[in-house]
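**Q** Sequence and predicted structure below; questions after.
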Amino acid sequence: MLDEEFEVLYEVLLYPSINVNKLYQSLSGKISKVKLISLIKRLSDLGLIRTVRDPRHKQRIMLFLREDIQALAQRFLIEPINDKGRDVVKEAERLIRSYMEVASSVRDPVAKEFLKKLVTVEVDRLLSLVM
């Protein structure tokens, strides 16, 4: 999985129903609009995201992760940590343990790779809290 593909999937995970223009703004400087459209098409063809026309705006397209991936990925998003006493190691262990439990049930290799990168990003976020 390319880093750009992960970035697109990650943003769609965080902001379900995000439209293409908002996604482009969110990824500003990371991906050109042409490349973004190409990535959306590829991820849609792979069945990882679905595109839905906004009923309120004919030209606006909303993006959603495949429902099973959305549900699994939600397990790996850490809550904002305001409590400095929270055990970062236990939270990292929980993320890794959850991934190990889920990974065996995911048959789609691209979805599995996305979930693995998601856990890596979330563990990195946890570690940055310690420093």
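**A** That came through fine.
**Q** how about the helices in the chain?
**A** 3-14, 20-26, 33-45, 67-74, 88-103, 109-130 (DSSP state H).
**Q** Out of the ones you listed, flag the one nearest residue 59.
**A** helix 20-26 (9.7 Å; CB to CB). Yep, even glycine has a C-beta here, placed from its N, CA and C like the rest.
**Q** what's that closest one in contact with?
**A** Defining contact as CB atoms under 8 Å, 6 or more residues apart in numbering, one finds that helix 20-26 is touched by 8, 11-12, 15, 18, 31, 33, 36-37, 40, 60-61, 63.
**Q** got it, and stretch 47-54?
**A** 8-9, 12, 17, 19, 40, 43-44, 60-66, 69, 108, 110-111, 114.
**Q** Quick one, which of these are buried?
**A** For these, a burial check counting by 16 or more other CB atoms under 10 Å picks out 8-9, 12, 19, 40, 43, 61-66, 69, 110-111, 114.
**Q** how about the contacts of helix 20-26 in CSV, adding distance to residue 91 and pLDDT?
**A** Below are these laid out as CSV (distance: CB to CB, whole Å; pLDDT from 0 to 100):
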residue, distance to residue 91, pLDDT
8, 26, 95
11, 23, 95
12, 24, 96
15, 23, 94
18, 27, 94
31, 30, 90
33, 36, 91
36, 32, 94
37, 36, 93
40, 32, 95
60, 37, 85
61, 35, 89
63, 29, 95
